[in-house]
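Asks: sequence unavailable; structure follows:
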């Protein structure tokens, strides 16, 4: 297996992808700056709890210095959206001239940030559907079978085989923009509401007031997508959100996890992206605007407490 893979980030999804690919026999490198995770993965490998409750571990090469790598065939970008420009510059140092950087991140604008540094031909995007929670640095728990959705592109054919051999479900589509907006609207409901309330995903489907709020967020997202000419991959966005909540009911959303550990959130790339596109089309999105403000306020308060 000659392909060399770089996974950027040390969070839940990045750690899971690294472990699965390394267990499949691929040479996996990780690039990250969370000191506790780097230390844990270096000592114990990238670890995840499998469906039987058993911890699986795989040795990977992890560092905070991209100069330690040789040339990389594929870079999977799994950092937070606000980190994408920084990591794009780091990837540029070690990606082959014909290599591919694939973003599987939340939100919008990540592919464009990669392309600004790496060029359009080397920057591609996909969508991953996976509920993942960090149990401790370097150890994650996932719910359900991971699904990777990609645009039909010959440049991705070797990477599709890598995903399949690593145990990932793959689906190929002609219109990736539809999938990206479909996931965006789901994230724009799940992430901010769970983060503001401080609850696991499953608790959002048990409360009538939460369902009303989720319906408003979904409606604004759908109206914005329609104004942009985007056809969503589902008929009912609220039902799609509820299905995800049921499937990941024991998970904490990534935005809630970010707030809990005092890290920056992806609110600008998720609800903020909906607000930005809606404003350009003259569409009112007051509920999304409110949650952008609420999450930013919570993040600022937690940051202030940590500094005291």
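Replies: On my side now, so go ahead. Owing to the predicted nature of the structure, the values given are computational and were not obtained by experimental measurement. Numbers count the residues shown, from 1 in each chain.
Asks: which residues touch the residue nearest the centre of the chain?
Replies: Nearest to the mean C-alpha position of the chain, by C-alpha atoms, centre = their mean, lies residue 105 at 3.5 Å. Residue 105 makes contact with 77-81, 84, 269 under the criterion C-beta atoms under 8 Å, 6 or more residues apart in numbering. C-beta here means a position set from N, CA and C on the backbone, and glycine is covered the same way.
Asks: filter those down to the ones in helices?
Replies: For the contacts of residue 105, membership in helices holds for residue 84, with DSSP state H as the criterion.
Asks: please parse this structure into its domains.
Replies: Domain assignment for the chain, taken from automatic domain parsing, gives 4-173, 177-307.
Asks: for residue 20, list the residues it contacts.
Replies: 48, 58, 146, 166-168.
Asks: touching, residue 49 and residue 143? I think so.
Replies: No: taking contacts as C-beta atoms under 8 Å, residue 49 lies outside contact range of residue 143: 10.2 Å.
Asks: circling back: I'd like to know which of the contacts of residue 20 are buried.
Replies: Buried members of those, scored by 16 or more other C-beta atoms under 10 Å, are 48, 58, 146, 166, 168.
Asks: out of those, who's nearest residue 279?
Replies: Of all those, residue 279 sits closest to residue 146, with 34.3 Å by C-beta to C-beta.
Asks: what packs against the least confident helix or strand in the chain by mean pLDDT?
Replies: Ranked by mean pLDDT, DSSP states H and E, the helix or strand of the chain with the weakest confidence is helix 286-307, at a mean of 86. Other elements packing on helix 286-307 under the criterion 3 or more C-beta pairs under 8 Å, 6 or more residues apart in numbering; DSSP states H and E are helix 176-197, helix 208-227, helix 254-260, helix 271-281.
Asks: now do the buried residues in it.
Replies: 287-292, 294-295, 298-299, 302.
Asks: got it, and stretch 10-28?
Replies: 10-24, 26-28.
Asks: what do you get for stretch 128-141?
Replies: Buried-residue list, stretch 128-141, by 16+ other C-beta under 10 Å: 128-134, 137-141.
Asks: one more: stretch 207-219?
Replies: Buried residues in stretch 207-219 (16+ other C-beta under 10 Å): 210-211, 213-218.
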